[in-house]
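Participant: structure of the sequence below:
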Amino acid sequence: MAVSKERKAELIKQYGKDENDSGSAAVQVALLTERIRGLTEHMKSHKKDFHTRRGLLMLVGKRRRLLSYIKKQDIEEYRQLIASLGIRDNIQ
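Facilitator: Numbers count the residues shown, from 1 in each chain. Next up, the predicted model:
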């Protein structure tokens with residue numbers, strides 16, 4: 001469920017400005033997407049784990065707010081980010 005150090009460094013290098021840029025919105029969205037995918041797999045086999053479900057919904061909400069911020073700032077960056085992460089475009 002947790003993102004490994006190697007995978008986190010890889011995502012930061014891919015979506016950040018440099019290898020120390022872990023705070024930009026695009027990097028945060030990429031890291032949240034990895035965590036969401038892991039938790040989604042967990043939820044498929046543990047359907048009654050409501051504590052994990054709540055955490056998953058909170059992560060999805062946080063990612064949605066960050067994506068909304070990116071969309072307001074730069075629509076082209078937003079389109080590239082959702083295309084590379086495989087996220088559906090449902091931000092108003």
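
Participant: for the helix or strand where K13 lies, which positions count as buried?
Facilitator: Mapping K13 onto the secondary structure by DSSP states H and E places it in helix 5-15. Neighbour-count burial for helix 5-15 flags 8, 11-12, 15 (criterion: 16 or more other Cβ atoms under 10 Å). Where you see a C-beta, it was placed from the backbone N, CA and C, and this is true even at glycine.

Participant: turn these into TSV, columns for pLDDT and distance to R65.
Facilitator: TSV is the format used below for the buried residues of helix 5-15 (pLDDT from 0 to 100; distance: Cβ to Cβ, whole Å):
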residue	pLDDT	distance to R65
K8	94	21
L11	95	19
I12	95	20
Y15	95	17
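
Participant: the longest helix along the chain: which residues count as buried?
Facilitator: For the chain, the helix that runs over the most residues, judged by DSSP state H, is helix 50-73. Judged by neighbour count using 16+ other Cβ under 10 Å, the buried positions of helix 50-73 are 56, 59, 63, 66-67, 70-71.

Participant: following the helix holding K13, which helix or strand comes up?
Facilitator: Scanning forward in sequence from helix 5-15 by DSSP H and E, the next helix or strand is helix 25-45.

Participant: contacts for that next one?
Facilitator: 1-3, 7-8, 11-12, 14-16, 21-22, 49, 52-53, 55-56, 59-60, 62-63, 66-67, 69-70, 73, 77, 81, 85, 87 (Cβ atoms under 8 Å, 6 or more residues apart in numbering).
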